[in-house]
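> here is a sequence with its predicted model. Questions after.
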Amino acid sequence: MVAFTATAGTMRAATDPLEAGFRNPPMEARPHTYWLWMNGYMHAPSAVAELRAMKAAGLSGVLLFEMGARGDKSAFPPAGPAFLSDPWLTQLKLALAEARTLGLQVDMSVISSWDMGGPWIEPRHACMALYATETTLTGGARIDVALPFPTPERAAPLGPDGRPAYWSDVAVLALRSPRRLPAHEFVWRLDPPGNHSLAEVVLDQGSPNAPAALAATMTPAREFAVAVSSSGASASDFKEVLRGSLAAAAGPQRFKLPGGTQARHVQLRLLSGHDPARQRWSLGEFEVFDAAGRNLAGSHTVNRLYDGALTVRAPMPLTYSDWKVGNINNGSVTGPGGVFCTYGPPSLEIADPRELVDLTAHVDRESRLRWDAPPGSWTILRYVCMITGEKLKVPGPASDGLASDHLSAEATRVHMNHVVAQLQKGLGADLARSGLRNLYLASYEVVGKVWSPVFAGEFKRRRGYELAPYLPAIFGAQIGGAEMTERFLFDYQKTLGEVVVDAYYRTAAEVAHAVGLEIKSEAGGPGPPIHTPPIESLLAFGAIDNFQGEFWPFRPTSDGMNVIKEPASAAHIYGKRRVHLEAFTSSRHWAEGPQDLKASADRVFCEGGNHFVWHTWTHQSPEAGAPGWVYGAGTHLNRNVTWWPKAHAFLGYLSRGSFLLQRGNFVADVLYYYGDGGANFVGPRRNPPSLGPGYDYDITNADVILNRLSVRDGRLTLPDGTSYAVLVLPERPDIHPAVLTRIEKLVTDGAVVIGPRPRRASGLEGFAASDARVTELAAKLWADLDGRDRTSRSHGAGRIVLGRTEREVLADLGIAPDFVAPPALDFTHRREDGAEIYFVRNKETTAFAGSATFRAGSRAPELWDPRTGAIARAAVFRRTEGGVEVPLALAPLGSIFVVFRGPLPASSFAALNPAATLERDGTGTQLVADKSGTYNVTTGDGLRREVKVAPLPGVLTLDADWTVEFASPAGAPAPLSLPRVGPWTQLAAPEYMYFPGTGKYRHSLVLPDGWRSRAQRVELDLGHLWAIGEVWVNGTSLGVVWTAPYRVDCTAALRDGPNELVVEVVGTWHNRLVGEARGAVPRWTKTNVTQSQRGLGKDLQSGSWKNLDPIDAGLFGPVRLIPLAVLRVE
């Protein structure tokens, strides 16, 4: 295979804004960093020095975050003042003054850690949850009994009466002689999302190992049924494919599924009935396997290939902590951490909500029910809103308090008004001039069945009917049949989502805007499978000003903690230019160098992220020592990090990439509507099989369809000009009438819409009239389409398509893939006036040599290298039917921008044999070769030209005869003379094996006579090193090398005769901490971190320092001087 590249040359004047911004990125493109004041402590001189160091290295702002310390308490920072107290504000004022002087942006979290709350939150404004009790009573007489009160959470603060500090009865309902459903039901969305061919399921009863009193009420599951759905997760979507029985205590039991079983969702039902004396059913494990033996329901704690099936619905576990639903998929079958256990009997079956008698007015504050009960057996259902006692997650020692009620606008205003008032007290009334830009709301991670005293009223106001008769459905009851229950649950989830968005995000933004500030947030994140908050995530983003996601490196296919596509889609559909990311969060303390982070950063670029907020820089003062105080998660970035003095090289890479990817508009052909539910999230970027490779997409919600989307020139277009060729509807039978009405208008105006024919309206509110409206619109749009013989029809100026894939429809429209390349490459595409900007990454750890075709019209390709800032015209390319084909040569995990600007030249080069490099600049084209011989260059019109390269001098290998001088704050061992370069871990003496600092390699060489004069260019190839290096030749710095290829052009610095090479390589604190924990070197370090990780996959290690291996660091080689010929091609 022939590979081509271009590496040099400037074609336009420095006044070109695109080139100027790439070479010297503006502040808005440069990374920010979390700046943690751990325990609220700040040492003023150190803080000033840190801000200056940040600016000097290329950072442009901080997200100030107070956080509590974790780990070794003896190494914690001192306890600082309480968050937002007068002394704390004095610290903030000093930091803001220095940041203003430096031109650094400052955003600030409004919470000490997360979720929203603090000492000023009273119980009535704190996090609430909904709890339920059941009591059976016999009627026919006056009842005067004390109803059971739900057991409060252990953390819930109590009032003088021993009850929770805040509680209220939501409803007390009576049901005569209730019936129960025959099974406990579990539903999962398989991972990765999409349809899968299933082969078998595995169930294991497991061993609960429960306390005797609990074990007496538990029975291992026996009879079960498995059903599958290739579309949605509603009850009507499932078809039963297996019914079986588990043998007692038999270990894992396998059950084959019928051939051809396809599923996107899987339902498990435990059919063992209900015995009131033994009302809890337990199950150890349930796994779903495809024909290749992959477990598609594996937990995110197993294998870490994927993050596990998403639990769509399940019976309530015995407790949230010990017997959770996720235990069924976690690979463990013993103990409470490995076994699921139901809470109580199967759910109620209520034929009509009017069967329920509302007794709320008959219950007093002492929980006494006084009621003249009609004859019969009555089940009394009591629903109580109660404070959970949830506090801040990791607050400073003086800053803890209750988390606030996120469903209450009043509670949000109490918190935000307190924050604003304190800031104005410390910084002055005009916060817009204080130096603060954004107030930050951290990711939503409230747990439990969230509730609020205001929720029932909000439900009535938004949905138009009373909530109380349907409360049993929230706890699994079926009311009015499966479909009516699904309709109510849709309304319930939708209302939760709307209320959180309005009461929390929108209200916080209103308070911030009133004082000239904005809100930034990871709205709704991080989402499933880590958390499943009741939020429609895109709508939440639409309520705030600046959108942030997050990602954890070293998880190439993970769903969890990879929240990139979601804020990217939100930014695209709501017209925001920047997509901020909490970046590089990790549990690998000091075990990462820039080269280890690059692949994750490149994935972020391809998924739509374009501004990094490094997680995390922990504030250090002199007493912190080294490596110092750090938070328990994060790739550490501070002045104690060994490679910090050279970090500017990697930060520059991130800045240049962010600059180009903040330009213009995102280019995609497909817009997926993810439905109108209340808890909706966008997963990582994975093209479904129906779309296939080479295209990109966004996700949209109902709000954007209704209010921002129009049709222009046959494309679905947003106000900022971003557009899509097709809109794809979700695979579900219901839709909101207002959304379908708008879709009908879009199709009439010329849009192409792909998707199933809706059969009914979403929700219970006015469903008869809504169903009729949906039926009417569906008949107009889909008419006689059946998805087999009739798959497409015109409607107005547009089309409706059923039964054809997105890829087929795009082909019908004449829209070729935007990017055609081997699977090793990934891409993203932005467009601005006069330029098509593609970012391309090599996903593989091997070099790539091949070509890619770009749908870039008739523009000329240029290669922009984000590592170096070099820009060059591509010397080799050819026009094809699908676009412009450009050969690319990328290092392992390498990347490049291919920017198309200006018209294609009348002639170009199309092929070169044998492989070499063609470079093109403003003066012409030149061949760069590392071997002598004849090179045949073929032009685009078929002409051939020969270029003869004279014999070159031999490559000089320089692995031997190096000396190394060591330097570290922890002390340095004596210099070494090395017979051969290699990792320090291969050196026998522990002071070298565990060395944490900088090694300065020196090598003296005398070039052979005539060697230099026979090479037009010389490159120094270092082979490999870790973690980061810098090269000098004869005292001239040739720059920092931090990723492959570890190669620099030393032509200008090299001279005939004697030469001095210096390579400075920086190691890691990880090794010193391991060595100290093993007793191999004296203890010198100071840090609060006691555990870490290193390695990947089967090589992953996790635990205390003494149980981890050191990381290979140093210069590995082979080190070579490579002579190159450079000849003009006419």
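Okay, I see it. Numbers count the residues shown, from 1 in each chain.
> who touches the helix or strand hosting Arg269?
Taking DSSP states H and E as the criterion, Arg269 maps to strand 265-270. Contacts to strand 265-270, defined as Cβ atoms under 8 Å, 6 or more residues apart in numbering, come from residues 183-190, 198, 201, 221, 223-229, 232-233, 237-238, 281, 283, 286, 288, 297, 309, 312, 342. Every residue, glycine included, has its C-beta placed from N, CA and C.
> tell me the buried residues within these.
Buried subset of these (neighbour count, 16 or more other Cβ atoms under 10 Å): 183-190, 198, 201, 221, 224-229, 232-233, 237-238, 281, 283, 286, 288, 297, 309, 312, 342.
> quick one, what contacts the residue of the chain most remote from its centre?
Here the chain reaches farthest from its C-alpha mean at Ala141, the gap being 59.2 Å by Cα atoms, centre = their mean. If you count contacts by Cβ under 8 Å, 6+ apart, Ala141 has them with Asp372, Ala373.
> before we move on, what about Ser452?
Neighbouring residues of Ser452 by Cβ under 8 Å, 6+ apart: Met128, Cys385, Asp405, Leu407, Ser408, Glu458, Val499, Ala503.
> can you check Arg1002 too?
Going by Cβ under 8 Å, 6+ apart, Arg1002 touches Trp962, Thr963, Val964, Glu965, Glu1060, Leu1061, Val1062.
> my read: the third one touches His1003, true?
No. Val964 is beyond contact range of His1003, at 10.1 Å (criterion: Cβ atoms under 8 Å).
> residue ranges with poor pLDDT in this protein?
Within the chain, the ranges that satisfy pLDDT under 70 run 1-14, 272-279, 299-309, 316-321, 343-344, 529, 555-560.
> how does it divide into domains?
29-121+391-445+516-665, 128-179+351-387, 182-346, 666-812, 819-932, 956-1129 (automatic domain parsing).
> how about those, which one is nearest Lys494?
Comparing the domains of the chain against Lys494 with Cβ to Cβ, the closest turns out to be domain 666-812 (4.0 Å).
> for the residue lying closest to Trp864 once chain neighbours are set aside, name its beta-bridge partners.
Once flanking residues are discounted, Trp864 sits nearest to Phe897: 3.8 Å by Cβ to Cβ, 6 or more residues apart in numbering. Assessed by DSSP bridges, Phe897 has beta-bridge partners Phe839, Trp864.
> now the helices for the stretch 351-500 of the chain?
409-427, 455-463, 471-474, 482-500 (DSSP state H, counting those that start in this stretch).
> how about the stretch 951-1100 of the chain?
Assigned helices in the stretch 951-1100 of the chain, in chain order: 990-993, 1069-1077 (criterion: DSSP H, counting those that start in this stretch).
> need the winner for burial among those helices.
helix 1069-1077 (a mean of 25; mean count of other Cβ atoms under 10 Å).
> show me where the stretch 201-350 of the chain has strands.
For the stretch 201-350 of the chain, the strands defined by DSSP state E, counting those that start in this stretch cover 218-220, 223-229, 239-245, 253-256, 262-263, 265-270, 280-283, 285-290, 310-313, 340-341, 348-350.
> could you dump these into TSV with distance to Trp1026 added?
Below are the strands of the stretch 201-350 of the chain laid out as TSV (distance: least, Cβ to Cβ, whole Å):
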stretch	distance to Trp1026
strand 218-220	51
strand 223-229	48
strand 239-245	51
strand 253-256	45
strand 262-263	44
strand 265-270	44
strand 280-283	46
strand 285-290	38
strand 310-313	37
strand 340-341	44
strand 348-350	61
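> between these, which one is nearest to Glu765?
Closest to Glu765 of the strands of the stretch 201-350 of the chain is strand 348-350 (Cβ to Cβ; 19.1 Å).
> which other helices and strands contact that closest one?
If contacts are counted by 3 or more Cβ pairs under 8 Å, 6 or more residues apart in numbering; DSSP states H and E, strand 348-350 sits against strand 179-180, strand 478-479.
> direction included, what does that strand pair against?
Applying DSSP bridges to the sheet, strand 348-350 is found paired with strand 179-180 (antiparallel), strand 478-479 (parallel).
> please identify the most buried of those.
Of the strands paired with strand 348-350, strand 478-479 is the most buried (mean count of other Cβ under 10 Å), at a mean of 24.
> can you list contacts of that one?
Residues from elsewhere that reach strand 478-479, judged by Cβ under 8 Å, 6+ apart: 181, 347-350, 352-353, 469-470, 472-473, 485, 488.
> same thing but at 7 Å, please
Strand 478-479 is contacted from outside by Leu181, Ser347, Glu349, Ile350, Pro353, Tyr470, Pro472, Ala473, Thr485, Phe488, using Cβ atoms under 7 Å, 6 or more residues apart in numbering.
> distance between it and the chain's centre?
Relative to the centre of its chain, strand 478-479 is centred 36 Å away, using Cα atoms, centre = their mean, to the nearest Å.
> scan the contacts of strand 478-479 and report the most crowded one.
Using other Cβ atoms under 10 Å as the neighbour test, the contacts of strand 478-479 are led by Pro472, with 27 neighbours.
> before we move on, back to that, let's have the helices of the stretch 951-1100 of the chain in JSON lines, adding distance to Arg878.
Listed next are those as JSON lines, based on distance: least, Cβ to Cβ, whole Å:
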{"stretch": "helix 990-993", "distance to Arg878": "53"}
{"stretch": "helix 1069-1077", "distance to Arg878": "48"}
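> out of the strands paired with strand 348-350, nearest to Leu904?
strand 478-479 (64.7 Å).
> just checking, Glu486 touches Ala233?
No. Counting by Cβ atoms under 7 Å, Glu486 stays clear of Ala233, with 9.6 Å between them.
> need the domains of the chain in CSV (columns: distance to Gln493).
Compiled in CSV, the domains of the chain are given as follows (distance: least, Cβ to Cβ, whole Å):
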stretch, distance to Gln493
domain 29-121+391-445+516-665, 6
domain 128-179+351-387, 14
domain 182-346, 11
domain 666-812, 3
domain 819-932, 32
domain 956-1129, 36
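> check which residues of stretch 693-703 are buried.
Buried residues in stretch 693-703, defined by neighbour count with 16+ other Cβ under 10 Å: Gly694, Tyr695, Asp696, Tyr697, Asp698, Ile699, Thr700, Asn701, Ala702, Asp703.
> from the residues you listed, which single one is nearest Lys931?
Within the buried residues of stretch 693-703, the smallest distance to Lys931 is 35.0 Å, found for Gly694 (Cβ to Cβ).
> in space, what's closest to the closest one - neighbours in sequence excluded?
Take Gly694 and drop its neighbours on the chain: the residue closest to it by Cβ to Cβ, 6+ apart is Pro817, 2.8 Å away.
> circling back to that earlier point, the buried residues of stretch 693-703 in strands, which ones?
The strands, defined by DSSP state E, take in Tyr697, Asp698, Ile699, Thr700 from the buried residues of stretch 693-703.
> return the member of those nearest to Gly401.
Distance to Gly401 across these (Cβ to Cβ) is lowest for Ile699, with 36.0 Å.
> pull up the gap between the closest one and Trp782, please.
Shown here: Ile699 relative to Trp782, a distance of 23 Å by Cβ to Cβ, to the nearest Å.
> ok, now Arg685?
From Arg685 over to Trp782 (counting by Cβ to Cβ), the distance is 30 Å.
> what do you get for Ile143?
As judged by Cβ to Cβ, Ile143 and Trp782 stand 55 Å apart.
> thought Asp602 was touching Ser895?
Yes. The pair formed by Asp602 and Ser895 meets the contact definition of Cβ under 7 Å, at 5.1 Å.
> quick check: neighbours shared by the two?
Listed as contacting both Asp602 and Ser895 by Cβ under 7 Å, 6+ apart are Arg841.
> and the buried residues of stretch 693-703, which is closest to Ala509?
Taking Cβ to Cβ as the measure, Ala509 sits nearest to Asp703 out of these, at 15.3 Å.
> what sits against the closest one?
Counted by Cβ under 7 Å, 6+ apart, Asp703 has contacts Leu539, Gly542.
> out of the domains of the chain, which one sits most buried?
Sorting the domains of the chain by mean neighbours (by mean count of other Cβ under 10 Å), the first place falls to domain 29-121+391-445+516-665, with a mean of 22.
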